[in-house]
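In: make a model of this:
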Amino acid sequence: MIVWGQRSAGTLVTKLAEDEAVIIGHTQIGDHVRFPSGHPRHGEQSTIVDRGYAPCPQCESESVHYLLDSGSHGVAECSNECGFVWYERNI
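Out: Okay, the predicted model is just below:
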């Protein structure tokens, strides 16, 4: 069973929709994500298969990058002000 919640970039707290509980901790390999509104794959879910550090695709600040099992997609968690930046990787 997958329990969905919502986390803002730069925080360690994930708020769970069902009962207002929270999970505290970093996003990990094996966690699931949903593509956001405005993304061509909006609402689809994917699993994080790897994580690492690299510049933000938008502003070049140091960021945590989550690589997804859904092909060439990834998401950066910007350490500056960009939030989550969704992108397609060149593989």
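
In: beta partners for the residue nearest the centre of the chain?
Out: The residue lying closest to the centre of the chain (C-alpha atoms, centre = their mean) is V75, at 5.2 Å. Counting by DSSP bridges, V75 is bridged to Y66, W86.

In: show me what contacts it?
Out: Neighbour list for V75: V33, H65, Y66, L68, F84, V85, W86, Y87 [criterion: C-beta atoms under 8 Å, 6 or more residues apart in numbering]. Backbone N, C-alpha and C define where each C-beta goes, glycine included.

In: ok, and the most crowded of the residues you listed?
Out: When neighbours are taken as other C-beta atoms under 10 Å, the top entry among those is Y66 (24 neighbours).

In: that one reaches R51, doesn't it?
Out: Yes. Judged on C-beta atoms under 8 Å, Y66 makes contact with R51 at a distance of 5.2 Å.

In: what's the overlap in contacts for these two?
Out: Taking C-beta under 8 Å, 6+ apart as the criterion, Y66 and R51 both touch T27.

In: quick one: strands adjacent to the helix-or-strand element of the chain with minimal mean pLDDT?
Out: Lowest on mean pLDDT, DSSP states H and E among the helices and strands of the chain sits strand 22-24, with a mean of 77. Strand 22-24 pairs in its sheet with strand 13-16 (antiparallel), by DSSP bridges.
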